[in-house]
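**Student:** After the sequence you'll find the predicted model.
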Amino acid sequence: MTTHNGINLKSRRELEIMEEAGRINARALLAALKVAHPGATTADLDAAAEQVLRESGAKPAFRGYPGAYPFPAVTTISVNDELVHGIPGKRILRDGDIVSIDCGSIIEGYVADSALTVGVGEISEVAQALLSATMDALFVGISQMKVGNKTGDISAAIQEFVESQQFNVVREYTGHGVGRKMHENPQVPNYGIAGRGVELRPGMTIALEPMVLAGAKETRVAQDQWTVSSADGELTAQFEHTIAITDAGPRILTLLDPELDAQDAFRYNGYFVGQAEPMEKKRSMQS
Ligand code: MG
Ligand code: MG
């Protein structure tokens with residue numbers, strides 16, 4: 001690892017370790033989404049993800065994360081108007097909910113961080129449009145992650161796309177460098193101005209995470225001091241991948257292994273294989 005302007009640039013070997021952590025993280029998300037059915041509790045989803053980490057020899061990056069008090073679970077689970085940082089527990093998922101699952105895995109001291117939002121049972125058209133727009137926004141952002149571009153190019157592309165879909169991006173929470181720590185430099189907001197910010201260099205690893213609100217952009221923190229919700233109670237969604245900047249283009253480190261997980265790799269609209277599919281196709285492919 002070398003450091004340039006306060007940003008850790010990872011070696012090829014370090015990227016391989018992060019990709020190993022990333023594949024485990026993808027499997028943990030997959031395990032959680034497979035139990036995201038009406039009647040399941042958010043703790044059930046967390047337990048499914050935790051089992052994958054345990055069996056894979058990965059450490060959870062979220063448990064114990066410092067805040068008002070240490071984060072108590074392996075995943076954050078955020079339902080409907082809850083945007084991020086929800087604490088898994090007794091809440092029972094109902095038909096029509098949308099649930100965001102975010103997880104972090106550590107292998108050999110390197111962190112991978114990724115998240116997705118899934119529908120529970122039948123979801124409304126607005127919810128489906130929000131999910132599609134948020135995942136598409138992630139891939140729109142990834143397409144800007146080229147050597148020589150600036151972080152502002154990523155931010156501006158995400159904001160422009162999300163607002164073109166009549167939704168809003170969050171302001172208070174951002175994508176971030178990731179690697180030896182879960183949060184490293186640089187910050188990558190989901191809004192900004194093209195051409196501004198930090199120049200992208202090979203070896204940078206960034207957790208890009210569009211957080212999108214169906215209503216107004218304002219958020220509030222719940223009494224539990226972790227859960228962040230939309231201030232107006234409207235639906236929200238989040239998709240995230242950890243991506244390396246390379247001379248060959250953006251390399252997503254948090255995909256499923258297409259050989260190990262061949263049966264599941266094409267579940268969930270291309271998220272796990274790194275290519276967003278057309279929206280018409282998505283509507284019939286809900287988990
Ligand atoms: Mg995350
Ligand atoms: Mg993150």
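**Tutor:** Alright, I've got the coordinates. Ligands and ions are numbered 1, 2, ... in the order given.
**Student:** Next, residue 184: phi, psi?
**Tutor:** phi -120, psi 180 (degrees, to the nearest 10).
**Student:** End to end on stretch 51-64, go ahead and measure it.
**Tutor:** Length of stretch 51-64, first residue to last, CA to CA, to the nearest Å: 17 Å.
**Student:** Can you name the residues in contact with it?
**Tutor:** Residues outside stretch 51-64 that contact it (CB atoms under 8 Å, 6 or more residues apart in numbering) are 21, 24-25, 27-28, 31, 50, 70-76, 102-107, 111-113, 182. All C-beta spots, glycine's among them, are computed from the backbone N, C-alpha and C.
**Student:** and residue 64, how many neighbours?
**Tutor:** 12 (other CB atoms under 10 Å).
**Student:** My error: substitute residue 82 in the last question.
**Tutor:** Residue 82: 25 neighbours (other CB under 10 Å).
**Student:** just to revisit the earlier point, which ones among the contacts of stretch 51-64 lie within helices?
**Tutor:** In helices, judged by DSSP state H, the following of the contacts of stretch 51-64 are found: 21, 24, 25, 27, 28, 31, 50.
**Student:** Show me what from this structure comes close to ligand 1.
**Tutor:** 102, 113, 115, 240 (CB under 5 Å from the ion).
**Student:** Need phi/psi at the last one.
**Tutor:** The one in question is residue 240. Dihedral angles for residue 240 - degrees, to the nearest 10 - are phi -150, psi 140.
**Student:** That one touches residue 190, doesn't it?
**Tutor:** No. Counting by CB atoms under 8 Å, residue 240 sits too far from residue 190 to count as a contact (10.8 Å).
**Student:** Give the closest residue to residue 93 in space, chain neighbours not counted.
**Tutor:** residue 120 (4.8 Å; CB to CB, 6 or more residues apart in numbering).
**Student:** Report the contact partners of that neighbour.
**Tutor:** 36, 37, 38, 93, 94, 95, 96, 97, 98, 99.
**Student:** Spit out the contact partners of residue 4.
**Tutor:** Residue 4 touches residue 201, counting by CB under 8 Å, 6+ apart.
**Student:** what separates the residue most central in space within the chain from ligand 2, distance-wise?
**Tutor:** Nearest residue to the geometric centre of the chain (CA atoms, centre = their mean): residue 240, 2.1 Å. Per CB to the ion, to the nearest Å, residue 240 is found 5 Å from ligand 2.
**Student:** That residue: what's it in contact with?
**Tutor:** 102, 113, 114, 115, 116, 138, 175, 207, 208, 209, 210, 254.
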